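> Predicted model and sequence follow; I will ask about them next.
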Amino acid sequence: MDLRHVIEAARAASSKAYAPYSSFRVGAAILTGSGAIHSGCNVENASYGLAICAERAAVTRMVNAAANANDRKIQFIAVVSPDATPCFPCGACRQVLHEFGCEEVVVLDASEDPVRYPFSEILPHAFGLEDL
C-alpha cells in the first residue's frame, strides 16, 4: 500500500472534523496488517472531556470492520491536520494505538513531507497486557 494513499485518507478525514471550539481539525488513517485503511476525524463536544480524537475514531472504525485478528494489527497510522504541522497523537491515543500493536506513526513536516517514527519512539515504556 502506498503511504500517500493513507496520508490522503487522513487528509480527507480532517476535512470532516467537527471542531467548533478549538478549530483544530485532525484526520487519521490506519493501515492494518491485512492492507485495509480505516480513517477517522476528531469530534469535539461542549463538555470537553467527551471529545473524540481522530486516532481513536479510526481505531473504532477498524475494530468494527475487522473480520479477524490480522485486521486489528496496525502497521501504521498517518495523522494530518491542516491547522498544525506536525500533528502527533495525544497521550491517550498513543496508549490506544499501543493496544493494537501499532508499529509506526507518520506525520507531515512543514514541507508536507511524511516523517515516519517507530512507535517505540512515540510511546516508550508503554503499558500493556504484559504489565497486568
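Now that the structure is in, tell me what you want to look at. No experiment lies behind these values; they were computed from the predicted model shown.

> got any ranges where this structure has weak pLDDT?
The chain contains residues with pLDDT under 70 at 1.

> need the strands for the chain, in chain order.
Secondary structure of the chain (DSSP state E): strands at 27-32, 37-41, 74-80, 104-108, 114-118.

> Out of those strands, which is the most enclosed?
Counting by mean count of other Cβ atoms under 10 Å, strand 27-32 has the highest mean neighbour count of the strands of the chain, with a mean of 27. C-beta coordinates here come from the backbone N, C-alpha and C atoms, glycine included.

> pull the CA atoms of that strand into PDB?
C-alpha atoms of strand 27-32 as PDB (Å, rounded to 0.1, in the frame of the first residue of the first chain):
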ATOM      1  CA  GLY A  27      -7.700  13.300  10.500                       C
ATOM      2  CA  ALA A  28      -6.100   9.900  11.000                       C
ATOM      3  CA  ALA A  29      -5.900   6.900   8.800                       C
ATOM      4  CA  ILE A  30      -4.800   3.400   9.800                       C
ATOM      5  CA  LEU A  31      -3.200   0.800   7.600                       C
ATOM      6  CA  THR A  32      -3.800  -2.700   9.000                       C
END
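
> which residues touch it?
1, 6-7, 9-17, 37-41, 53-55, 57-59, 62, 66, 70-81, 89 (Cβ atoms under 8 Å, 6 or more residues apart in numbering).

> and the spatially most central residue of the chain, what does it touch?
Taking Cα atoms, centre = their mean, the centroid of the chain lies closest to residue 55, which sits 3.2 Å from it. Listed by Cβ under 8 Å, 6+ apart, the contact set of residue 55 reads 26, 28, 40, 77, 79, 89-90, 93, 96-97.

> how close does residue 98 get to residue 2?
25 Å (Cβ to Cβ, to the nearest Å).

> neighbour-wise, which of these two wins?
Just comparing residue 98 and residue 2: by other Cβ atoms under 10 Å the higher neighbour count belongs to residue 98, 17 against 8.

> I figured the more buried one hits residue 128, correct?
Yes: under the criterion of Cβ atoms under 8 Å, residue 98 makes contact with residue 128 at 6.1 Å.

> where do the helices sit along this protein?
3-14, 54-65, 91-99, 119-122 (DSSP state H).

> Buried residues, the last one. List them.
Of the residues in helix 119-122, those buried under the neighbour-count criterion (16 or more other Cβ atoms under 10 Å) are 119, 122.
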